[in-house]
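**Student:** No sequence on hand, only this structure:
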Ligand code: NAI
Ligand code: MG
């Protein structure tokens with residue numbers, strides 16, 4: 001690539017992944033102030049089933065050389081005996097997160113005006129829903145620190161140990177505060193279960209307090225995970241930046257997506273804030289085998305993930321332009337009608 005040309009590794013993946021990724025690229029093309037040089041990598045269920053390969057080291061090394069990664073979704077049909085659970089999750093998605101040190105899993109949750117939410121009117125009247133979850137991405141119970149003994153017997157033992165390092169916790173909390181500093185409300189809520197998970201909870205709480213002391217202008221709050229699930233549906237306007245561990249974050253962000261218009265709109269970034277490796281941007285949804293290949297998928301989540309990508313690469317104005325185009329498109333969507341995946345992409349691109 002010519003000097004200065006940003007490079008993009010594109011992993012369209014399986015099912016609706018390639019369909020929504022095509023629209024995200026279409027929108028990036030018109031919105032981005034810079035032209036990307038993109039390289040496509042065929043990874044996912046299809047490749048695994050055909051070749052037995054998940055993420056060859058040579059491919060990982062190539063991907064690492066890019067400025068950013070755009071992922072559609074990976075995953076095959078449910079309960080395919082040829083594709084055991086965990087192969088793609090651990091071998092591809094988590095491997096990329098761990099290897100590229102994506103310690104911030106970023107999930108903005110905003111209820112765009114005009115978008116239907118399952119929440120009741122009185123809840124929606126409490127205030128605007130516009131928060132971002134900063135989920136720790138490299139530790140917690142997702143590291144593979146566990147094992148099984150005597151499997152299949154009545155004496156079976158299974159463990160998944162939650163790993164929390166001071167280094168890992170501090171850096172993600174710092175990122176959350178840095179993001180809060182840039183937002184109008186400047187508030188960070190720690191979500192954990194400090195009353196029961198006392199070891200990890202104590203570490204998170206102490207580092208939270210310590211970093212908070214360096215940010216006197218940022219308001220802080222703490223909620224246990226179970227209570228946070230209540231507030232998410234009774235008063236989501238109270239959240240601005242939420243920082244939490246890997247497992248709690250996984251759960252919170254699905255509920256957050258559900259209250260803000262659903263899986264077709266939820267975007268995410270697997271971010272390496274230190275920029276020692278490329279960050280990866282992807283819709284929250286999966287490969288949706290039930291609607292794959294039919295141009296029925298909503299590409300908006302993938303398109304908004306493209307906006308996060310531009311923002312990360314230093315183009316906040318272009319990112320905001322995509323968000324504005326999506327907002328305008330959502331406002332004019334007619335309930336009960338459906339457009340093809342490519343029509344949604346065309347409509348949003350046309351607004352840019
Ligand atoms: P899913 O998100 O693929 O689908 C859940 C439901 O939402 C389905 O009814 C689907 O049709 C619908 N849906 C999803 N995205 C949509 C969109 N853009 N527009 C309209 N409707 C949409 O989750 P599911 O069914 O649990 O998983 C399917 C496969 O995807 C599995 O193999 C799973 O492992 C994989 N997966 C991959 C992820 C990733 O690549 N990061 C994340 C989640 C699941
Ligand atoms: Mg999830």
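**Tutor:** Perfect, I can see it now. Just so we're clear, the structure is a prediction, and the values are computed from it rather than from any experiment. Ligands and ions are numbered 1, 2, ... in the order given.
**Student:** can you map out the helices along this protein?
**Tutor:** 17-31, 45-51, 57-64, 87-88, 94-99, 121-124, 166-181, 198-213, 225-234, 246-259, 300-312, 316-331, 341-351 (DSSP state H).
**Student:** check whether the shortest one contacts ligand 1.
**Tutor:** Translated: helix 87-88. No: under the criterion of Cβ under 6 Å from any ligand atom, ligand 1 is not reached by helix 87-88; the shortest gap measures 6.7 Å. (C-beta placed from N, C-alpha, C; glycine too.)
**Student:** Packed most tightly, which of the helices of the chain would that be?
**Tutor:** Scoring the helices of the chain by mean neighbour count under mean count of other Cβ atoms under 10 Å gives helix 300-312 as the most buried, with a mean of 27.
**Student:** Could you pull up phi and psi at whichever residue of the stretch 151-300 of the chain sits closest to ligand 1?
**Tutor:** As assessed by Cβ to the nearest ligand atom, ligand 1 sits closest to residue 286 within the stretch 151-300 of the chain, at 2.3 Å. Note on residue 286: its backbone torsions stand at phi -100, psi -160 [degrees, to the nearest 10].
**Student:** how far out from the middle of the chain is stretch 254-270?
**Tutor:** The chain centre lies 8 Å from the centre of stretch 254-270; the measure is Cα atoms, centre = their mean, to the nearest Å.
**Student:** Can you get me the start-to-end distance on that stretch?
**Tutor:** 16 Å (Cα to Cα, to the nearest Å).
**Student:** How about that stretch and ligand 1, any contact?
**Tutor:** Yes: using Cβ under 6 Å from any ligand atom, stretch 254-270 reaches ligand 1 at 263-264.
**Student:** Please name whichever of the helices of the chain is nearest to residue 74.
**Tutor:** Residue 74 sits nearest to helix 87-88 of all the helices of the chain, at 5.1 Å, using Cβ to Cβ.
**Student:** just checking, what packs against that closest one?
**Tutor:** helix 45-51 (3 or more Cβ pairs under 8 Å, 6 or more residues apart in numbering; DSSP states H and E).
**Student:** Arrange the helices of the chain in TSV, one row each, with distance to residue 147 and mean pLDDT as further columns.
**Tutor:** Shown next, in TSV, are these (distance: least, Cβ to Cβ, whole Å; pLDDT from 0 to 100):
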stretch	distance to residue 147	mean pLDDT
helix 17-31	32	98
helix 45-51	24	96
helix 57-64	25	98
helix 87-88	18	94
helix 94-99	17	94
helix 121-124	43	95
helix 166-181	21	98
helix 198-213	20	98
helix 225-234	25	97
helix 246-259	18	94
helix 300-312	35	98
helix 316-331	42	96
helix 341-351	42	98
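**Student:** can you put the ones you listed in CSV and add distance to residue 267?
**Tutor:** Below are these laid out as CSV (distance: least, Cβ to Cβ, whole Å):
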stretch, distance to residue 267
helix 17-31, 10
helix 45-51, 22
helix 57-64, 20
helix 87-88, 20
helix 94-99, 16
helix 121-124, 21
helix 166-181, 15
helix 198-213, 26
helix 225-234, 18
helix 246-259, 9
helix 300-312, 4
helix 316-331, 10
helix 341-351, 13
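**Student:** Name the nearest residue to residue 110, ignoring sequence neighbours.
**Tutor:** Leaving aside its sequence neighbours, residue 110 sits nearest to residue 130 (Cβ to Cβ, 6 or more residues apart in numbering; 4.6 Å).
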